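> Based on what follows, work out the 3D shape:
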Amino acid sequence: QVQLVESGGGLAQPGGSLRLSCATSGRPASSYDMGWFRQAPGKERAFVAAISWSGGSTEYTDSVKGRFTISRDNTKNTMYLQMNSLKPEDTAVYSCAARARLAYASRFTANYDYWGRGTQVTVSS
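Got it, this is the predicted structure:
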């Protein structure tokens, strides 16, 4: 079983940047396809980005394409989400998720078995 811990959230101004990290422990990160999801107040959890275990397959929700980049470093057992050109509508709790690897990225919440507790991202002037 894998444990996931997010970090890097905080307050950013519109147009600013943040980088989120998701550290895994318990089993090697290379055993898992992984993803980022977010939940804004009063809304359901939504897909943001996903990456296969090797990094060879990625997916993004349309609203973050060209602004966010998902990546991973399996030697460090860590996944990242670089967020640029942040907008107030990006404000949410961001959580990382993992599933036993199938070698492709998935945008579906139900496909993931393990979740972190989340980190708050607030975009405001």
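> And the pLDDT at the closest residue to Ala92 other than its chain neighbours?
Leaving aside its sequence neighbours, Ala92 sits nearest to Arg38 (CB to CB, 6 or more residues apart in numbering; 3.8 Å). Heads up, the C-betas are built off the backbone N, CA and C, glycines and all. Looking at Arg38, its pLDDT is 98.
> got a list of what Arg38 touches?
By CB atoms under 8 Å, 6 or more residues apart in numbering, the residues touching Arg38 are 45-46, 48, 90, 92-95, 121.
> what does Leu20 give?
Counting by CB under 8 Å, 6+ apart, Leu20 makes contact with 6-9, 36, 80-81, 83, 94, 96, 119, 121.
> let's go with 10 Å and repeat that
6-10, 36, 48, 68, 70, 79-83, 94-96, 119, 121 (CB atoms under 10 Å, 6 or more residues apart in numbering).
> Same check on Gln3?
23-27, 98, 114, 116.
> again, only this time at 6 Å
For Gln3, the contacting residues are 25-26, by CB atoms under 6 Å, 6 or more residues apart in numbering.
> Please renumber the chain so that the first residue is 17 from this point on.
New numbering, starting at 17: the last item is Gln19.
> so where does the spatially most central residue of the chain fall, helix or strand?
In the chain, the centroid-proximal residue (CA atoms, centre = their mean) is Trp52; its distance is 2.4 Å. Per DSSP states H and E, Trp52 falls inside strand 48-55.
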